[in-house]
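S.K.: task: produce atomic coordinates for the following.
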Amino acid sequence: MKRLYLLRHVKSSWDDPSLADFDRPLSKRGRRAGTAMGRHIADENLLPRLALCSTARRARDTWRQVSAEWKAPPTVRFDDRLYMADAETMLERLAELPDDADHVMTIGHNPGIQSLALELAAPTRTATLARLRTKYPTGGLAIFDLAIDRWSAIAPHCGRLIGFATPRDFG
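M.R.: Below you'll find the predicted structure:
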């Protein structure tokens with residue numbers, strides 16, 4: 001069994017219109033949200049053993065903000081393929097993971113992160129899945145237990161959604 005955490009980057013700043021989308025930093029609200037999500041992850045012992053992160057500044061800053069709340073952050077791999085990746089690209093990247101990585105966090109962007117979450121989810125009717133389907137806000141974290149023993153077997157509907165949290169859940 002593998003566990004996958006899908007984290008959408010926290011709120012970014014649009015204050016400088018001259019910046020390219022890729023280079024946008026976090027907003028003040030985003031930094032607060034990152035801290036709150038990092039604490040939630042630590043408090044609930046939802047710590048990954050490996051992280052894959054988009055190379056966009058807001059994703060890298062999200063990683064730093066969230067993981068700063070953990071005693072021992074795991075190895076992080078920054079990957080250009082995750083910048084604005086669709087669900088298929090993210091699935092391909094996850095299929096390349098080493099099998100000894102049993103708890104993995106992916107930090108990415110919408111709409112891809114939400115599409116991946118919906119694709120992985122086993123077809124069930126739960127309030128958590130309905131909430132995720134409605135909106136995957138910045139800072140949203142979906143947690144899946146995957147019915148696979150190797151990452152190369154990751155496929156649609158192999159996941160059981162066990163949780164979905166957003167920064168608003170914590171104040």
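
S.K.: quick one: buried residues of the helix or strand of the chain with the lowest mean pLDDT?
M.R.: Lowest mean confidence among the helices and strands of the chain (mean pLDDT, DSSP states H and E): helix 127-134, at a mean of 86. Using 16 or more other CB atoms under 10 Å as the test for burial, helix 127-134 gives 128-129, 132. C-betas here are computed from N, CA, C, even on glycine.

S.K.: contacts for it?
M.R.: 114, 117-118, 121, 140, 142, 161, 163-164 (CB atoms under 8 Å, 6 or more residues apart in numbering).

S.K.: backbone dihedrals for residue 55, both of them.
M.R.: Dihedral pair for residue 55: phi -90, psi 0, per degrees, to the nearest 10.

S.K.: hang on, the earlier thing: make JSON lines from the buried residues of helix 127-134 and add distance to residue 83 to it.
M.R.: Compiled in JSON lines, these are given as follows (distance: CB to CB, whole Å):
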{"residue": "128", "distance to residue 83": "28"}
{"residue": "129", "distance to residue 83": "27"}
{"residue": "132", "distance to residue 83": "22"}
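
S.K.: nearest to residue 54, of these?
M.R.: residue 132 (19.6 Å; CB to CB).

S.K.: ok, residue 110 touching residue 136?
M.R.: Yes. Using CB atoms under 8 Å, residue 110 makes contact with residue 136 at a distance of 5.8 Å.

S.K.: nice, that's everything, thank you.
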